[in-house]
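Q: With the input below, show me the fold.
(chains A and B)
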Protein chains: 2
Amino acid sequence: MRNFSFVNPTRIIFGQDTIKRLGKEAANDGIKKALLVYGQGSVFRNGVYEQVASALHEAGVGFVELPGVQPNPVLSKVQTGIELAREYQVEAVIAVGGGSVFDSAKIIAAGYHHPGEVWDFFAGAARIKQALPIYGVLTISGTGSEMNNNAVLTREDDQTKWGLGSKYLYPRLSIIDPSVQSTLPAHNTAEGAVDMITHILEVYFDGSTDVEVMREYMEGLIKTVMREAVKVLRDPADYQARAQLAWAGTLAFNGSTTPGTRGGDWATHGMEHSLSAFYPVAHGAGLAVLLPVWMRYVYKNDPGTFHRFAEKIFGITALEGDDLIVAGIDALQAFFISLNIPSRLRDLGVEAADLETMADNAVLKGSLGVLQRLGREDVLNIYRQAW
Amino acid sequence: MRNFSFVNPTRIIFGQDTIKRLGKEAANDGIKKALLVYGQGSVFRNGVYEQVASALHEAGVGFVELPGVQPNPVLSKVQTGIELAREYQVEAVIAVGGGSVFDSAKIIAAGYHHPGEVWDFFAGAARIKQALPIYGVLTISGTGSEMNNNAVLTREDDQTKWGLGSKYLYPRLSIIDPSVQSTLPAHNTAEGAVDMITHILEVYFDGSTDVEVMREYMEGLIKTVMREAVKVLRDPADYQARAQLAWAGTLAFNGSTTPGTRGGDWATHGMEHSLSAFYPVAHGAGLAVLLPVWMRYVYKNDPGTFHRFAEKIFGITALEGDDLIVAGIDALQAFFISLNIPSRLRDLGVEAADLETMADNAVLKGSLGVLQRLGREDVLNIYRQAW
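A: Sure, this is the predicted structure:
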């Protein structure tokens, strides 16, 4: 185990019929006026907007609204949000939605105090030094943004999609009522599950040694995600499966998997961000295509962990050596395909002619990965193999 | 899964050579004067006192000392600590030791602001409304007090040992350098491992349903504790095993195992507290004796989970029904015995004549347990079977 620091101050309220607690919690913290950030309308159809608005009204918390955040959230929308927040002098930002809404809310909260361009944070030209308190109501499990300090944003000008982390970006409180996810389209649930699995495997396969305690934990999480995702796709109203999937998704990327490790590889996420900055591809779909290709590309750097993965997750015992490893990767890809997610970049609408530019963008801040450092040519190879 | 709330604000700094960071961290928080709480001298022998004192000196953090906290910490020592803390108007309490030192530090931190008797908190006559910030350097893994909001204390007058929890009792920062535990006597390591396993099983066997996500997590933790404890007892200087054992011990009782469950059974802990209030018995030794007896006494309330335990933890597959359950419990007891911990109350020096009084004390606040409510007669039966 490597030395590490760990802290996660986010408070979680989890379960059925818990959204109504939002208003009182914010009011108890002294919040009188907030910016309410949400997406493209599902919060009206699933009743969450109504629940949130009533909770805030009853507690006397006023709010202005920033609707219309899109998947793969963009800079311009965040800039609008910061202007709104300043105009109305809000005291908090409330995210009501999935990862893109949470990420946007976080950047608005940090940008509120920043005199310069908010993109500076992503470009490394400025550091986040404070942020408005962030509250959230989660409506799609997958990104883990509800309980971490990360955010990803796309600048539309040049199609760059970058991420950042700051200790000021932990939500103060996130409410997770899994029952509101029962009306999600199946592809959202499936893509969320892929995102969860990828978050876990980015850490699992980062080449760490002497972290069995974390390996066992991560294996339990992966098996939970696979098992419960299948149940939920079969019966979207299965609350118990939905709840276990949701909590596993939060744990998958709240910092609890990294203690003692090298902190995760994250090359697959880097390559996917370059992909979904370029194409309107769901993050989870991009990951499902790229992760198995990346695994085949790098497994020789740590065959022991890849053996263990095949055995522990898929129970494969009749093979050994590279055959065992490849069988494990194939099994993972077959699982993704069983979720009705395309397995090739071409099936996601990607043009072969764009792969070079995507590779350029992916390494704009430097090579990717920890288990194996990937330069532009490696990334291009992986994109081609995934195409 | 049941609805739940989760938060744990404690920051952890973990790893070799990390104690030196204590001073700067406290100074950065504005602490100028602290009360340093420690035990019966091991901090001098293992060099931890020296590391802590230098770190505080270098950072300009002054301190007064409360040495001599004993295992199963007592009220009178805490009262002395509160007087010292007030006399010197300290701004923080620093625990340097194991669970008894952390628990004492927590109560001193809460008692500092309380005009009445500090025992009021335990008797339910007063609620903790604030506490001085608590810092800690852990020297014995087991109780989990370094990352939770619980404390246990014994009032010597009437030999009552009670516990409490408050959101104000989370340490602000705990430093865990597992390398300082390499000089621990073997029995401390073994008792700590038993405490960890019991913390996990109190939750595992609380009769919760639809918590596979937590079950898998807890099974990974138990297997880690068993595996790494054996390694550490074989080679006390095996840092990697020591580190994994230490982190598993923190996770075992930091709130991460309870989401979605009934919150744990805790009858075994209740019965042990009554035992170690009466006799100078190590908490882990008392648990090792009582836990298997409790398991045999209550398993019929949830045979499915007890089956799963035998299969998943000990890999027993050749039996079924009650035979499988009993084999799992026997295997756990054999593991405790392999750690050189006595398996009978009589071997811990307990007199049969005291069992009735111990049972009276155990249920002083009401019956114990969740999986099965245990009244005085049940407790007495368990004590007798354990004797």
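
Q: Now do the phi/psi pair for A:Val7.
A: phi -160, psi 140 (degrees, to the nearest 10).

Q: give me phi/psi at the closest residue in space to it that isn't next to it in sequence?
A: Nearest in space to A:Val7, with sequence neighbours left out and distances taken as CB to CB, 6 or more residues apart in numbering or on different chains, is B:Arg11 at 3.8 Å. Quick note: C-beta positions are derived from backbone N, CA and C, even for glycine. Summarising the backbone geometry of B:Arg11 under the convention degrees, to the nearest 10, its torsions are phi -90, psi 140.

Q: So in terms of bridging, what pairs with B:Arg11?
A: The residues listed as beta-bridge partners of B:Arg11 by DSSP bridges are B:Leu173.

Q: Contacts only, for it.
A: B:Arg11 makes contact with A:Ser5, A:Phe6, A:Val7, B:Arg172, B:Leu173, B:Ser174 under the criterion CB atoms under 8 Å, 6 or more residues apart in numbering or on different chains.

Q: count of residues packed around the fourth one?
A: Right, B:Arg172. Other residues within reach of B:Arg172, judged by other CB atoms under 10 Å in any protein chain shown, total 19.

Q: quick one: it and B:Gly30 touch, right?
A: No: between B:Arg172 and B:Gly30 there is no contact under CB atoms under 8 Å: 11.6 Å.

Q: how near is the residue nearest to A:Val7 to B:Ala34?
A: 17 Å (CB to CB, to the nearest Å).

Q: what do you get for A:Asp158?
A: Relative to B:Ala34, A:Asp158 is positioned 52 Å away (criterion: CB to CB).

Q: now do A:Ala241
A: When CB to CB is applied, the distance between A:Ala241 and B:Ala34 equals 49 Å.

Q: A:Asp302 now?
A: 44 Å.

Q: Could you check which of these two is surrounded by more residues?
A: Taking neighbours as other CB under 10 Å, A:Asp302 and B:Ala34 compare with B:Ala34 leading, 25 against 19.

Q: Same question for that one, what's its three-state structure.
A: strand (DSSP: H, G, I helix; E, B strand; the rest coil).

Q: sorry, back to before: turn the contacts of B:Arg11 into CSV, columns for pLDDT and distance to B:Thr183.
A: Below are the contacts of B:Arg11 laid out as CSV (pLDDT from 0 to 100; distance: CB to CB, whole Å):
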residue, pLDDT, distance to B:Thr183
A:Ser5, 98, 25
A:Phe6, 98, 25
A:Val7, 98, 29
B:Arg172, 98, 27
B:Leu173, 98, 24
B:Ser174, 98, 20
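
Q: Buried ones from those, can you make that a PyMOL selection?
A: Of the contacts of B:Arg11, the buried ones can be selected in PyMOL as follows, counting by 16 or more other CB atoms under 10 Å in any protein chain shown:
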select buried, (chain A and resi 6+7) or (chain B and resi 172+173+174)
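
Q: Going along the chain, name the strands of chain A.
A: A:4-14, A:33-38, A:62-66, A:92-97, A:134-138, A:150-155, A:160-165, A:173-176 (DSSP state E).

Q: Out of the ones you listed, which gets nearest to B:Glu228?
A: strand A:4-14 (17.0 Å; CB to CB).

Q: then the closest one to CSV, C-alphas only?
A: Provided in CSV are the C-alpha atoms of strand A:4-14 (Å, rounded to 0.1, in the frame of the first residue of the first chain):
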residue,chain,number,x,y,z
PHE,A,4,-2.5,8.2,1.1
SER,A,5,-4.8,10.9,2.4
PHE,A,6,-8.5,10.4,2.5
VAL,A,7,-11.4,12.6,3.2
ASN,A,8,-14.9,12.9,1.8
PRO,A,9,-17.1,15.4,3.6
THR,A,10,-20.2,15.0,1.5
ARG,A,11,-23.3,14.0,3.4
ILE,A,12,-25.7,11.6,1.7
ILE,A,13,-29.4,11.1,2.4
PHE,A,14,-30.4,8.0,0.6
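
Q: Now do that strand against strand A:134-138, angle only.
A: With axes from the mean of the first three to the mean of the last three CA atoms, to 10 degrees as the criterion, the two stretches strand A:4-14 and strand A:134-138 enclose an angle of 60 degrees.

Q: Can you tell me which residues in chain A are near chain B?
A: Contact residues of chain A with respect to chain B, defined by CB under 8 Å from any CB of the partner chain, are listed as A:1-18, A:210-213, A:216-217, A:219-221, A:223-224, A:227-228, A:240, A:243-244, A:247-248, A:251, A:256, A:259-260.

Q: can you pull the contacts of the residue nearest to A:Gly192 when sequence neighbours are not counted?
A: Counting by CB to CB, 6+ apart, A:Gly192 lies nearest to A:Gly142, which is 2.9 Å off, once chain neighbours are set aside. Residues in contact with A:Gly142, defined by CB under 8 Å, 6+ apart, are A:Gly98, A:Gly99, A:Asn188, A:Glu191, A:Gly192, A:Ala193, A:Val194, A:Asp195, A:Met196, A:Gly249, A:His283, A:Gly284.

Q: Columns pLDDT on top of those residues, output as TSV?
A: Listed next are the contacts of A:Gly142 as TSV, based on pLDDT from 0 to 100:
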residue	pLDDT
A:Gly98	96
A:Gly99	96
A:Asn188	96
A:Glu191	97
A:Gly192	98
A:Ala193	98
A:Val194	98
A:Asp195	98
A:Met196	98
A:Gly249	98
A:His283	94
A:Gly284	96
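
Q: from these, which is closest to chain B?
A: Within the contacts of A:Gly142, the smallest distance to chain B is 10.1 Å, found for A:Gly249 (CB to the nearest CB).

Q: My guess is the closest one contacts A:Val225. True?
A: Yes: with contact taken as CB under 8 Å, A:Gly249 and A:Val225 are classed as touching, separated by 7.1 Å.

Q: Comparing those two, which shows the higher neighbour count?
A: Higher neighbour count among A:Gly249 and A:Val225: A:Gly249, with 32 against 26, using other CB under 10 Å.

Q: And for that one, nearest residue in space, chain neighbours not counted?
A: Spatially, and ignoring its direct neighbours in sequence, A:Gly249 is nearest to A:Ser141 (4.0 Å; CB to CB, 6+ apart).

Q: Next, give phi and psi for the one you found.
A: Comment: the main-chain dihedrals of A:Ser141 come out as phi -80, psi 140, following degrees, to the nearest 10.

Q: give the contact list for it.
A: The contact partners of A:Ser141, taken as CB under 8 Å, 6+ apart, are A:Gly98, A:Ile176, A:Pro178, A:Gln181, A:Gly192, A:Met196, A:Leu245, A:Ala246, A:Gly249, A:Thr250.

Q: Just those residues: which are in helices?
A: The members of the contacts of A:Ser141 that map onto helices under DSSP state H are A:Gly192, A:Met196, A:Leu245, A:Ala246, A:Gly249, A:Thr250.

Q: Between the two ends of stretch A:93-105, how far is it?
A: Distances were taken as CA to CA, to the nearest Å; on that basis the terminal residues of stretch A:93-105 are 6 Å apart.

Q: Give the residues shared as contacts by A:Gly249 and A:Val225.
A: Residues touching both A:Gly249 and A:Val225 (CB under 8 Å, 6+ apart): A:Ala193, A:Met196.
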